[in-house]
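Undergrad: sequence and predicted structure, then a few things I'm wondering about:
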Amino acid sequence: MARQTRAERRARREARERSGAAERPRDGQPAMRPRDGQPAVRPAVQPVTSQPGRQVPGSGAKRFIGESIGELRKVEWPGQNQVIQGTVVVIIACVIIGTYLYFADQAFSKLVSKVLLGQ
């Protein structure tokens, strides 16, 4: 079967739109595209919104606190040994970085004062 020309495709589409066949699915099945057999894209359904000044029951501070407690129960809390090890690692890292920054500051302050400022 030869490929359809653009004019033939347009004519076929117009005829289908006039007959309304594309919008009427058969027996509760989704409408099908003519060539590839894929379901046609349906327009998104707009969600029903509540009235602007109306509060939904169960919302607000009470719901927030309840959900927060539920999430905190799921947390795997560290033991005492893990807390101590983590603290020691942070202190050692701070000492190493602080020492590096001290010596870098001393070196660059002499470099800046002698080379750039000419003193």
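TA: Arrived safely.

Undergrad: following element in sequence after the helix or strand of the chain with the lowest mean pLDDT, please.
TA: Here the helix or strand of the chain ranked lowest by mean pLDDT, DSSP states H and E is helix 6-19, holding a mean of 89. Using DSSP states H and E, the helix or strand that follows helix 6-19 towards the C-terminus is helix 61-74.

Undergrad: which SS state does residue 77 fall under?
TA: The assignment at residue 77 comes out as coil when based on DSSP: H, G, I helix; E, B strand; the rest coil.

Undergrad: how many neighbours does residue 12 have?
TA: Using other CB atoms under 10 Å, residue 12 has 12 other residues around it. In this view, the C-beta of every residue, glycine as well, is placed from N, C-alpha and C.

Undergrad: tell me the spacing between it and residue 20.
TA: As judged by CB to CB, to the nearest Å, residue 12 and residue 20 stand 14 Å apart.

Undergrad: one more: residue 93?
TA: 71 Å.

Undergrad: same check, this time on residue 8
TA: Residue 8 is 20 Å from residue 20, by CB to CB.

Undergrad: show me the shaky parts of the chain.
TA: Scanning the chain for pLDDT under 70 picks out 1, 21-58, 119.

Undergrad: for the longest helix belonging to it, buried residues please.
TA: For the chain, the helix with the greatest residue count under DSSP state H is helix 80-111. Buried positions in helix 80-111, judged by neighbour count with 16 or more other CB atoms under 10 Å: none.

Undergrad: for stretch 72-79, same thing?
TA: Buried, per 16+ other CB under 10 Å, within stretch 72-79: nothing.
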